[in-house]
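Undergrad: generate coordinates for the sequence data below:
(4 chains)
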There are 2 protein chains.
Amino acid sequence: MNRGNGGFNLPALRSHNTALVLDLLRGAGTRGLPGIGRGELAERTGLTPQAVSKITARLRAEGLVAEAGRGESTGGKPRTLLRLVPEAGHAVGVHLDRDELRVVRLDLAGQVVAERRGPLDFGAGPEAVVDEVVRAVRAAAPVGMAVPEGAPVPEGAPVPEGAPVSEGTVVPDGAAVLDGTAVLGVGVAAPGPLDRRAGVLGRVTGYPAWAGFALREVLEGRLGVPVLLDKDTNAGAAEAAVMGAGDSVYVHVGTGVGAGLCLGGEVYRGGRSGAGEFGHQVLLLDGPTCRCGARGCVEVLCLDAVARGDTAEAARVLGEAAANLVALLDVDRVLLGGRVVAAAPAAFVTGVGAVLAARALGPTTATVALAPGGVAEGAAELVLGPVFGRAR
Amino acid sequence: MNRGNGGFNLPALRSHNTALVLDLLRGAGTRGLPGIGRGELAERTGLTPQAVSKITARLRAEGLVAEAGRGESTGGKPRTLLRLVPEAGHAVGVHLDRDELRVVRLDLAGQVVAERRGPLDFGAGPEAVVDEVVRAVRAAAPVGMAVPEGAPVPEGAPVPEGAPVSEGTVVPDGAAVLDGTAVLGVGVAAPGPLDRRAGVLGRVTGYPAWAGFALREVLEGRLGVPVLLDKDTNAGAAEAAVMGAGDSVYVHVGTGVGAGLCLGGEVYRGGRSGAGEFGHQVLLLDGPTCRCGARGCVEVLCLDAVARGDTAEAARVLGEAAANLVALLDVDRVLLGGRVVAAAPAAFVTGVGAVLAARALGPTTATVALAPGGVAEGAAELVLGPVFGRAR
DNA sequence: CTACTTTGGCAACGCTGTTGCCGAAGTGCA
DNA sequence: TGCACTTCGGCAACAGCGTTGCCAAAGTAG
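TA: I've put the predicted structure just below:
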């Protein structure tokens, strides 16, 4: 993109509006609609119908958009519906958990078209894990994955619809992807803390061998496609942002307790991408000492309760902490995920929901639900997002 | 602006880039520099030098920008510095506190050029207070305050530099402001909760007569200029956003405890503009009951300590709650303001600072300071912000 | 069959930032 | 003092963006 520190020039204008249209088309597909008319696109973007016509004509020529029949007439010519061509591009998402690896391949519309899942020993160290990841990604996306660098949408490189994925085909760098569908990149979700920009892992509690490991760079070298790295909680929030719009908080309870914030339709990561430190929110002044050094953190309270088998208390603690976030950030929804939640989903949802209802300050209460998508899907969304104008 | 739901057209592009340039010019002035060269503007906006030349030429023709001498040569022609013309526009800020009224008039550069302050009985009810506000605003901005509606920057209406402010001059609606400087609007900061969009106050604790009062509409009718209404804490955060960039939290301790969030250079208000509910963050599970109905809120803990004269404990409570926010949102700075803080500033700054340092998770510690500007200045910033591309 | 409504493409247009060019105004060296 | 060099910044021509005006296509309603 040709934008510096906020300055917009004409190419940036074009790609911005194009991404906006694509985003609406994706949204229509996600909501189960057969397509969306040009008029509605114009109305919802604020652009004129003619501008939308030009943009969609370009997208159709590029193979990203196709016509999808006709809508009902409202007294005149019925609108021609448009839809995204899902197979025009794919993204791979990797969820690197402490004892499990899950890899998915999504099409442009966000549908899972391939999945690999298996046990993983995160403690085996970077080299062994990278090997395993490369193998799983190749299995989920068996295509010569070279793609024009830095080009989220392969402009001028029309992708043949539904072309067979031929294994082992290597497409020269910078060339059009002809023999298989374009793989836009790989998103990797890993336990935090980590440096998202540099693509380097931080000091994951209990796994010192990983500290400072440049996972993104190594994977890019092995796979030959762009790789993005982010915290697992942020990936969860990214998935939530796509599934249902609106501000939400993704609370993950696994080996630790973390959260991903989805504010204004985008994942909020903070200045140094360290936002979402939810587990070490102090909830009980002078309470039991946590491994972080502070006293009365959510994590120690919640996980102690889980260890005691007191799920109700764990849910109550989580609920109080979530209610703090809801009040502070004015979010609509709290989404729960992670292994501990998966072990007793109903108990957590009702327990957290009860606290949220009791703590509601205004007439509206934030809703609680299980996180609809997986973390691996959210990791893939890190790659798909920029195509649709999400995340900068 | 010609932008709908994110769609950008050419006029929007133009005003966006123009606002960006103005913002950089204001920033240079705020940092005490005599001006800024076109080259630097180009570099920092990402636009080409020629585009910056065109934009600044337009701004100079409109009287918003002027040349400001020359910089040092770096081996060639020395750059011609540019600066904002502060007197090209003014904004009025009103801080409506429970027992005090403060009104300031700022020029475009953010300097206070007039100030009125006096006692106020918020409990006297809307009518009496509105009368008082109108009187104070007229005193601080004694100009016929009609301005082309909805036009933050009076385009094509060159404002004569340094023209004398003639009292009582009424400029017909839609006409250029000729005889005085343009007053862009009035920002009003009031105790929350309130509906910012509608400009209607909510149920301010202890003042039922104000609930549902359409303050913005009434004031616009009386004053004849655009009026913006926001929570006092948001105004404080807005001022902080201008003074020093970066993410920060403005914590206000007065009759209640509240916070304004400044994320990514803008005030974050949340979906229903209810964000910043800091006072009722639960910090001590099952602690003393708060007036909000919950138990162990920051507000009840902090204000109880203040009532007992235990400033150190109040600061510690505030510090723990602030540390939660710092960890959650990854902000750099915590700013303290409000009457209780003003009574013992050093104790609060050191007390909060100590907790932040102890709770720091990474190598960096968030800094604490007294809020640099007042709430009234922040209220005026609500009006000035859009001119410089802040806040949508 | 005849209005009427709505969709959506074509062509001309205005305005945006960009490129190429050149004069202006300094510095540095012979 | 003179000349080469560097940097700044305006003028003119330009490419590309969304917009406007116009009209054919494809339905509905009477």
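
Undergrad: what kind of secondary structure is A:Ala209 in?
TA: helix (DSSP: H, G, I helix; E, B strand; the rest coil).

Undergrad: chain B contacts on the stretch 201-350 of chain A?
TA: For the stretch 201-350 of chain A, the residues in contact with chain B (Cβ under 8 Å from any Cβ of the partner chain) are A:246-247, A:259, A:261, A:263, A:268-278, A:280-285, A:287, A:292-294, A:296, A:301, A:317, A:320, A:323-325, A:327-332. C-beta coordinates here come from the backbone N, C-alpha and C atoms, glycine included.

Undergrad: so which residues of the stretch 151-300 of chain A form strands?
TA: Taking DSSP state E, counting those that start in this stretch as the criterion, the stretch 151-300 of chain A carries its strands at A:183-190, A:194-195, A:200-201, A:227-231, A:248-253, A:257-263, A:266-268.

Undergrad: in the first one, which residues are buried?
TA: Which is strand A:183-190. A:Val183, A:Leu184, A:Gly185, A:Val186, A:Gly187, A:Val188, A:Ala189, A:Ala190 (16 or more other Cβ atoms under 10 Å in any protein chain shown).

Undergrad: might you report the residue contacts of A:Asp332?
TA: Counting by Cβ atoms under 8 Å, 6 or more residues apart in numbering or on different chains, A:Asp332 makes contact with A:Gly246, A:Asp247, A:Ser248, A:Thr364, A:Ala366, A:Thr367, B:Gly271.

Undergrad: can you pull the pLDDT of it?
TA: According to the prediction, A:Asp332 has pLDDT 89.

Undergrad: how close does the residue of chain A most remote from its centre sit to DNA strand D?
TA: In chain A, counting by Cα atoms, centre = their mean, A:Gly75 sits farthest out from the average C-alpha position, at 41.2 Å. Using Cβ to the nearest atom of the strand, to the nearest Å, A:Gly75 is found at 5 Å from DNA strand D.

Undergrad: again, but for A:Gly389
TA: With Cβ to the nearest atom of the strand as the criterion, A:Gly389 and DNA strand D are 12 Å apart.

Undergrad: now do A:Arg44
TA: Taking Cβ to the nearest atom of the strand, one finds A:Arg44 at 13 Å from DNA strand D.

Undergrad: ok, now A:Val137?
TA: A:Val137 is 34 Å from DNA strand D, by Cβ to the nearest atom of the strand.

Undergrad: residue ranges with poor pLDDT in the stretch 201-350 of chain A?
TA: For the stretch 201-350 of chain A, the stretches with pLDDT under 70 are A:245.

Undergrad: which SSE is the residue farthest from the centre of chain A in?
TA: Using DSSP states H and E, A:Gly75 is not contained in any helix or strand.

Undergrad: burial count for the closest residue to A:Gly71 other than its chain neighbours?
TA: Spatial nearest neighbour of A:Gly71, excluding adjacent residues (Cβ to Cβ, 6 or more residues apart in numbering or on different chains): A:Arg79 at 4.5 Å. Applying other Cβ atoms under 10 Å in any protein chain shown, we find 17 other residues in the vicinity of A:Arg79.

Undergrad: can you check A:Pro363 too?
TA: 5.

Undergrad: do A:Val200 as well
TA: By other Cβ under 10 Å, 17 other residues sit near A:Val200.

Undergrad: equivalent analysis for the one 3 residues further on, please.
TA: Close neighbours of A:Arg203, defined as other Cβ under 10 Å, add up to 14.

Undergrad: before we move on, what about A:Ala141?
TA: 24.

Undergrad: and A:Val112, what is it in contact with?
TA: Neighbouring residues of A:Val112 by Cβ under 8 Å, 6+ apart: A:Val104, A:Arg105, A:Leu106, A:Glu377.

Undergrad: what parts of the stretch 51-200 of chain A come near chain B?
TA: Counting by Cβ under 8 Å from any Cβ, the stretch 51-200 of chain A sits next to chain B at A:Ala51, A:Pro193.

Undergrad: could you redo the last one with a cut-off of 10 Å?
TA: Residues of the stretch 51-200 of chain A lying near chain B by Cβ under 10 Å from any Cβ of the partner chain: A:Ala51, A:Val52, A:Pro193.

Undergrad: run through the contacts of A:Asp332 and flag the ones next to DNA strand D.
TA: Counting by Cβ under 7 Å from any atom of the strand, nothing from the contacts of A:Asp332 sits close to DNA strand D.

Undergrad: for those residues, which one is nearest DNA strand C?
TA: Comparing the contacts of A:Asp332 against DNA strand C with Cβ to the nearest atom of the strand places A:Gly246 closest, at 27.9 Å.

Undergrad: isn't the closest one up against A:Glu266?
TA: No: using Cβ atoms under 10 Å, A:Gly246 is not in contact with A:Glu266; the gap is 11.8 Å.

Undergrad: what is in contact with the two at once?
TA: Common neighbours of A:Gly246 and A:Glu266, using Cβ atoms under 10 Å, 6 or more residues apart in numbering or on different chains, do not exist here.

Undergrad: ok, A:Gly76 - contacts?
TA: Applying Cβ under 10 Å, 6+ apart, no residues contact A:Gly76.

Undergrad: so what's it scoring on pLDDT?
TA: pLDDT recorded at A:Gly76 is 81.

Undergrad: quick check: the gap between it and A:Glu313.
TA: For A:Gly76, the distance to A:Glu313 (Cβ to Cβ, to the nearest Å) stands at 62 Å.

Undergrad: establish whether stretch A:82-92 and DNA strand C are in contact.
TA: No: counting by Cβ under 7 Å from any atom of the strand, DNA strand C is not contacted by stretch A:82-92; separation bottoms out at 7.9 Å.

Undergrad: mind giving me the domain ranges of chain A?
TA: Domain ranges of chain A: A:10-84, A:88-232+A:379-385, A:245-371, per automatic domain parsing.

Undergrad: go through those domains and name the closest to B:Gly236.
TA: Nearest to B:Gly236, of all the domains of chain A, is domain A:245-371, at 15.8 Å by Cβ to Cβ.

Undergrad: starting at the chain centroid, how far to the closest one?
TA: Chain-centre distance of domain A:245-371: 19 Å, with Cα atoms, centre = their mean, to the nearest Å.

Undergrad: and for stretch A:23-38?
TA: 19 Å.

Undergrad: with stretch A:230-237 instead?
TA: Distance, centroid of stretch A:230-237 to centroid of chain: 7 Å (Cα atoms, centre = their mean).

Undergrad: ditto for stretch A:187-202
TA: Per Cα atoms, centre = their mean, the centroid offset for stretch A:187-202 relative to its chain is 14 Å.

Undergrad: so A:Ala214 makes contact with A:Gly202?
TA: No: A:Ala214 is not in contact with A:Gly202 according to Cβ under 10 Å; the separation is 11.8 Å.

Undergrad: what touches both of those two?
TA: Common neighbours of A:Ala214 and A:Gly202 (Cβ under 10 Å, 6+ apart) are A:Asp195.

Undergrad: returning to that earlier point: neighbour-wise, which of the contacts of A:Val112 leads?
TA: A:Glu377 (29 neighbours).

Undergrad: on that earlier part again, filter the residues of the stretch 51-200 of chain A next to chain B down to the ones near DNA strand D?
TA: Okay, of these touching DNA strand D (Cβ under 7 Å from any atom of the strand), that's A:Ala51.
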